[in-house]
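Chemist: Predicted model, plus sequence, below.
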There are 2 protein chains.
Amino acid sequence: MGRRKVEIKRIENKSSRQVTFCKRRNGLMEKARQLSVLCESSVATVIVSATGKLYSSSSGESMAKILKRYEMQHNDELQTLDIAEKTENHLSHEELLEIIQCKLEEAKSNNISIEALISLEEQFKTALDVTRARKTELMMDLVKSLEEKEKLLKEQNQVLADQLTKMVKKRLLGREDERVMSLENYAGNIPPETLPLLK
Amino acid sequence: MGRRKVEIKRIENKSSRQVTFCKRRNGLMEKARQLSVLCESSVATVIVSATGKLYSSSSGESMAKILKRYEMQHNDELQTLDIAEKTENHLSHEELLEIIQCKLEEAKSNNISIEALISLEEQFKTALDVTRARKTELMMDLVKSLEEKEKLLKEQNQVLADQLTKMVKKRLLGREDERVMSLENYAGNIPPETLPLLK
DNA sequence: CACGCTATATATAAGGA
DNA sequence: TTCCTTATATATAGCGT
């Protein structure tokens, strides 16, 4: 959709590749936004340039929420693959279906999506090698994400602990002042004490 | 780009909204692929329909890799600072609790998934290749231990947050007493942000 | 829902600032 | 990089199957 048709293959000219990247990147994100608005859905887009630069956008729900959804499905897949792996070599097709049915109730109350289990039949046909490799990959991802979460939580803990410490300190030291300051603060419309505490 | 121009706002007609969703969803993913190929970049797209159905695609690097990149850049700042920021900007009791509850639910659903996974593993432990089973087991242990660590950290977080909240509440309640004593002086001048804190 | 078929609305390739 | 402009290539709205 330009002066001439371009084939969808790597653009050799570096500078025009850069320009195209910029244009189409913006175009893609705008399209994503439109889809989200028109159809009340959520769209997350993450783009990594050739040089590793990151561009991302989300509309509808927040990026975090959308990615969390994706990860949940991801975990479903892990569980499904786990079943598949353990089943492929030892159970017949019929037995597998029976198992799936047995699992449906459990799946409903748990976090496994029905779709994931239903697709088990297809997974069954998947080569065992692929299944195993994928499962391992997913588990590694899970582990990694948990490790990141852990780091995150530790940092949060630190933040909270710091705040608490500062507040206790302030309480112990600033009781007298507070009465006076409180009045002045409100008269001058200065935001409440929480602000200085958290700096 | 159709028979007539459409405004970018929710399509009211359910059926045409559905059709548009399907068409534009495919269009978006194709655009993503093209961008990736033309400019040797990586693009990940996650779409959540109004009914919660998930669609995702990636080109260039794998989805996991792309999302990991995103998380690496954003997780720490985005989520940690999100909480810190909310806390700093006049933390309200309700908001804080909401955040913590959200985190706990996240943990719960994670735990459930993992538990399900483990139980599946037990149910299907028909003599498998010993090496593979052992490998999986070790991975699960890793995951589980990380989950436990996460849970502990979250509990710790909650305790800290509760303490912080209570302390702020006390401080403000104490201040309220003072305020009552000389309410007339600045009754109309109370910053609105403080009100939710007193609930 | 997915597909096919136009008529149009849009996106975007080139080229220059 | 971003912004324009213009000529074209594409995407897609509306309507059937």
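Modeler: Yep, it's here. Numbers count the residues shown, from 1 in each chain, chains lettered A, B, ... in the order given.
Chemist: tell me, how many neighbours does the closest residue to DNA strand D within chain A end up with?
Modeler: In chain A, the residue that lies nearest DNA strand D is residue A:1 (2.7 Å; CB to the nearest atom of the strand). For every residue, glycine as well, the C-beta is placed using N, CA and C. Number of residues near residue A:1 (other CB atoms under 10 Å in any protein chain shown) recorded here: 6.
Chemist: quick one: it from residue B:39, how far?
Modeler: 16 Å (CB to CB, to the nearest Å).
Chemist: Also residue A:61?
Modeler: Distance from residue A:61 to residue B:39, by CB to CB: 28 Å.
Chemist: quick one: which of these two has more around it?
Modeler: residue B:39 (25 against 17).
Chemist: Now name the helix or strand holding the nearest residue to residue A:145 once chain neighbours are set aside.
Modeler: Nearest residue to residue A:145 in three dimensions, chain neighbours excluded: residue A:71, at 7.0 Å (CB to CB, 6 or more residues apart in numbering or on different chains). Using DSSP states H and E, the element containing residue A:71 is helix A:63-88.
Chemist: what mean pLDDT would you report for that helix?
Modeler: Regarding helix A:63-88, the rounded mean pLDDT is 70.
Chemist: Going by neighbour count, list what's buried in the helix or strand harbouring residue A:33.
Modeler: Per DSSP H and E, residue A:33 falls inside helix A:14-38. For helix A:14-38, the neighbour count (16 or more other CB atoms under 10 Å in any protein chain shown) marks A:17, A:20-21, A:24-25, A:28-29, A:31-38 as buried.
Chemist: How about stretch A:153-161?
Modeler: In stretch A:153-161, counting by 16+ other CB under 10 Å, buried: A:153, A:155, A:156, A:157, A:159, A:160.
Chemist: can you redo the residues you listed as TSV with secondary structure, distance to DNA strand C and pLDDT?
Modeler: What follows is the buried residues of stretch A:153-161, written out as TSV (DSSP: H, G, I helix; E, B strand; the rest coil; distance: CB to the nearest atom of the strand, whole Å; pLDDT from 0 to 100):
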residue	secondary structure	distance to DNA strand C	pLDDT
A:153	helix	38	74
A:155	helix	39	76
A:156	helix	39	74
A:157	helix	44	76
A:159	helix	41	76
A:160	helix	44	75
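Chemist: Return the member of those residues nearest to residue B:5.
Modeler: Set against residue B:5, the nearest of the buried residues of stretch A:153-161 by CB to CB is residue A:156 (47.5 Å).
Chemist: Please name every helix or strand in contact with the host helix or strand of residue A:44.
Modeler: According to DSSP H and E, residue A:44 maps onto strand A:42-48. The contact analysis (3 or more CB pairs under 8 Å, 6 or more residues apart in numbering or on different chains; DSSP states H and E) places strand A:42-48 against helix A:14-38, strand A:54-59, helix A:63-88, helix B:14-38, strand B:42-48, helix B:63-74.
Chemist: Looking at these, which is nearest to DNA strand C?
Modeler: helix A:14-38 (2.0 Å).
Chemist: how close does the residue lying closest to residue A:47 once chain neighbours are set aside get to residue B:41?
Modeler: In space, and not counting its chain neighbours, residue A:47 is closest to residue A:55: 4.3 Å by CB to CB, 6+ apart. The spacing between residue A:55 and residue B:41, counted by CB to CB, is 9 Å.
Chemist: More neighbours: these two, which one.
Modeler: With neighbours defined as other CB under 10 Å, residue A:55 and residue B:41 compare such that residue B:41 has more, 25 against 18.
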